[in-house]
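Engineer: pasting the sequence and the predicted model now:
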Amino acid sequence: MTASIVLIGAGNMGGAMLSGWLKNGIKGSDVLVIDPGPSEAMAKLIADNGAAHATTAPEGLKAGVLFLAVKPQLMGAVLPPLKSLVGPETVIVSVAAGTTLAFMASHLGEAAMVRAMPNTPAMIGRGVTGAFANSAVTSEKRAQVHDLLKVSGPVEWVETEADIDAVTAVSGSGPAYVFYLVECMAEAGRKAGLQADLAMRLARETVAGAGELLYQSPDAASQLRKNVTSPGGTTAAALSVLMAEDGMQPLFDKAIAAARKRAEELAG
Ligand SMILES: NC(=O)c1ccc[n+]([C@@H]2O[C@H](COP(=O)([O-])OP(=O)(O)OC[C@H]3O[C@@H](n4cnc5c(N)ncnc54)[C@H](OP(=O)(O)O)[C@@H]3O)[C@@H](O)[C@H]2O)c1
């Protein structure tokens with residue numbers, strides 16, 4: 001028996017992927033979800049779409065795509081019983097941060113494998129994913145995995161597995177930097193004399209709106225920035241601080257380097 005897609009873990013990320021697949025034309029009957037206790041909403045999504053659900057790997061089944069979306073710290077316990085699902089035609093896809101292909105191979109055997117790093121806007125179909133495929137992944141399998149990953153946004157393939165750590169630092173963790181930017185802008189607005197809740201509403205809508213403008217516009221971010229900046233005006237005054245030698249760039253260099261280093265440490 002084979003199943004086209006076997007999803008391991010239907011939590012935040014696995015659930016977002018499943019719901020994206022179903023919205024983008026993948027038939028529920030092509031999906032088996034293995035999760036010991038899916039949420040009520042997830043159980044309903046599975047049942048309503050005719051997907052199959054199991055709490056452990058069924059015997060005698062081989063997966064076309066084995067999609068791993070459990071917490072990295074559980075991988076050591078979750079992987080061994082999944083080995084029976086891996087056959088010569090299986091491609092394994094993991095979105096677990098810091099779990100290397102070598103670690104997966106140590107439990108599942110040598111196989112076609114993809115390590116992918118999505119980000120949380122995947123929940124609304126607006127994520128971006130960095131992905132690395134090992135040499136056993138054929139171009140056909142890669143296209144199949146690309147199609148599965150792209151339901152949550154664009155997919156960027158990288159050349160080395162180590163690049164996934166840099167992807168994690170930029171886009172995997174990136175949404176948190178943007179949310180923190182909102183917090184910083186709101187706090188600075190409060191210090192400039194606005195009510196705290198008004199400052200937060202202004203900051204939040206500004207970042208959300210600027211993000212949407214960036215999304216919809218063909219222009220580069222630098223051009224959109226220049227469009228707001230009149231010479232000698234208010235924006236130029238703020239940017240002279242943010243773009244100073246000790247401004248945002250060196251801060252981001254340090255932040256991204258710290259995230260990358262941590263990703264390397266987690267990968268062991
Ligand atoms: N969330 C993000 O921003 C993000 C971004 C990129 C990558 N990722 C990666 O995505 C993975 C999942 O993260 P998440 O936030 O979606 O975690 P999550 O919400 O905890 O989802 C994990 C799911 O796996 C289930 N599970 C636990 N043990 C299992 C087992 N033995 N077999 C099958 N399923 C099992 C969990 O069930 P219980 O709840 O009952 O334990 C839960 O439903 C992580 O490796 C993370 O690194 C997440």
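Structural biologist: In hand now; what should we look at? Bear in mind the structure is a predicted one, so any value in this text is a computation, not a measurement.
Engineer: I figured Leu239 was touching Thr229, is that so?
Structural biologist: Yes: in this structure Leu239 lies within contact range of Thr229 using C-beta atoms under 8 Å: 6.3 Å. (Each C-beta comes from the backbone N, C-alpha and C, glycine too.)
Engineer: mind pulling up the pLDDT for the residue of the chain most remote from its centre?
Structural biologist: Relative to the C-alpha centroid of the chain, counting by C-alpha atoms, centre = their mean, Gly232 is the outermost residue, at 39.9 Å. At Gly232 the predicted local confidence, pLDDT, stands at 95.
Engineer: what kind of secondary structure is it in?
Structural biologist: Counting by DSSP: H, G, I helix; E, B strand; the rest coil, the backbone at Gly232 sits in coil.
Engineer: distance of it from Ala97?
Structural biologist: Computed as C-beta to C-beta, to the nearest Å, the Gly232 to Ala97 distance reads 45 Å.
Engineer: so what's Ser94 bridging to?
Structural biologist: Here Ser94 shows beta-bridge partners Leu68, Arg115, assigned using DSSP bridges.
Engineer: no no, Ile34
Structural biologist: Beta bridges link Ile34 to Ile8, Ala54 when assigned by DSSP bridges.
Engineer: need the contact list for it.
Structural biologist: Contacts of Ile34 were listed using C-beta atoms under 8 Å, 6 or more residues apart in numbering, and they are Val6, Leu7, Ile8, Gly9, His53, Ala54, Thr55, Thr56, Ala57.
Engineer: now do Leu149
Structural biologist: Neighbour list for Leu149: Val93, Ala116, Pro118, Thr129, Ala131, Val155 [criterion: C-beta under 8 Å, 6+ apart].
Engineer: and which of the residues you listed is nearest to Ser173?
Structural biologist: Pro118 (11.9 Å; C-beta to C-beta).
Engineer: quick check: the gap between that closest one and Ser240.
Structural biologist: Between Pro118 and Ser240 the computed distance is 36 Å (C-beta to C-beta).
Engineer: the two: which is more packed in?
Structural biologist: Taking neighbours as other C-beta atoms under 10 Å, Pro118 and Ser240 compare with Pro118 leading, 24 against 10.
Engineer: is it true that the more buried one touches Gly127?
Structural biologist: Yes: assessed by C-beta under 8 Å, Pro118 is found in contact with Gly127 at 5.0 Å.
Engineer: got any residues that touch both of the two?
Structural biologist: With contacts defined as C-beta under 8 Å, 6+ apart, the residues shared by Pro118 and Gly127 are Ala16, Ser152, Gly153.
Engineer: let me have those residues in JSON lines, adding pLDDT as columns.
Structural biologist: Written out in JSON lines, the entries for the shared contacts of Pro118 and Gly127 read as follows (pLDDT from 0 to 100):
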{"residue": "Ala16", "pLDDT": "93"}
{"residue": "Ser152", "pLDDT": "93"}
{"residue": "Gly153", "pLDDT": "96"}
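Engineer: which ones among those lie within strands?
Structural biologist: Among the shared contacts of Pro118 and Gly127, the subset assigned to strands under DSSP state E is empty.
Engineer: quick one: which of these is nearest to the ligand?
Structural biologist: When those are compared for distance to the ligand, the smallest value, 7.7 Å, is given by Ala16; criterion: C-beta to the nearest ligand atom.
Engineer: ok, the helix or strand bottoming out on mean pLDDT in the chain near the ligand or not?
Structural biologist: For the chain, using mean pLDDT, DSSP states H and E, the weakest element among its helices and strands is strand 2-8, scoring a mean of 86. Yes: using C-beta under 6 Å from any ligand atom, strand 2-8 reaches the ligand at Ile8.
Engineer: mind listing what's buried along that strand?
Structural biologist: Neighbour counts over strand 2-8 (16 or more other C-beta atoms under 10 Å) mark Ala3, Ile5, Val6, Leu7, Ile8 as buried.
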